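Asker: Turn this into a structure:
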Amino acid sequence: MLAKAVYEEWYFKKRDEAIKKREQAVKQSKVRQWEKEHTKNETKRKCQQTYEEWLNKKKIQQKMEKLRANTLMNSLNKR
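Answerer: Have a look, this model is predicted:
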């Protein structure tokens, strides 16, 4: 009878430990998944921001080149 009680105590203790271990693993998995998604979204946002900055600089550069070309054409036409 005592052996059965000891076995049951051991069995339920091991079962509870296994349940806690599984819950912890699921929790860690969810945290890693969230971190992965967060990193992915942050990288995407930074790439979009970098692209927009590059695009704005390119537009300004094109405007400046067009302005220089117009200025050069005007100076040549005045001669």
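Asker: Distance of residue 23 relative to residue 29?
Answerer: Between residue 23 and residue 29 the distance, using CB to CB, to the nearest Å, works out to 11 Å. (C-beta placed from N, C-alpha, C; glycine too.)
Asker: Over to residue 73?
Answerer: From residue 73 across to residue 29, the span is 65 Å (CB to CB).
Asker: now swap in residue 14 and tell me
Answerer: In this structure, residue 14 and residue 29 are separated by 22 Å, where distance is defined by CB to CB.
Asker: what do you get for residue 6?
Answerer: Going from residue 6 to residue 29 by CB to CB gives 35 Å.
Asker: Please apply the same query to residue 11.
Answerer: Here the criterion is CB to CB. By it, residue 11 lies 27 Å from residue 29.
Asker: by contact count, what packs against the helix or strand where residue 23 lies?
Answerer: According to DSSP states H and E, residue 23 maps onto helix 2-78. Under the contact criterion of 3 or more CB pairs under 8 Å, 6 or more residues apart in numbering; DSSP states H and E, the helices and strands touching helix 2-78 comprise an empty set.
Asker: ok, residue 31 - contacts?
Answerer: Residues in contact with residue 31, defined by CB atoms under 8 Å, 6 or more residues apart in numbering, are absent; none qualify.
Asker: let's have the chain start at 41 instead
Answerer: Sure, I'll start counting at 41 from here, so that last one is residue 71.
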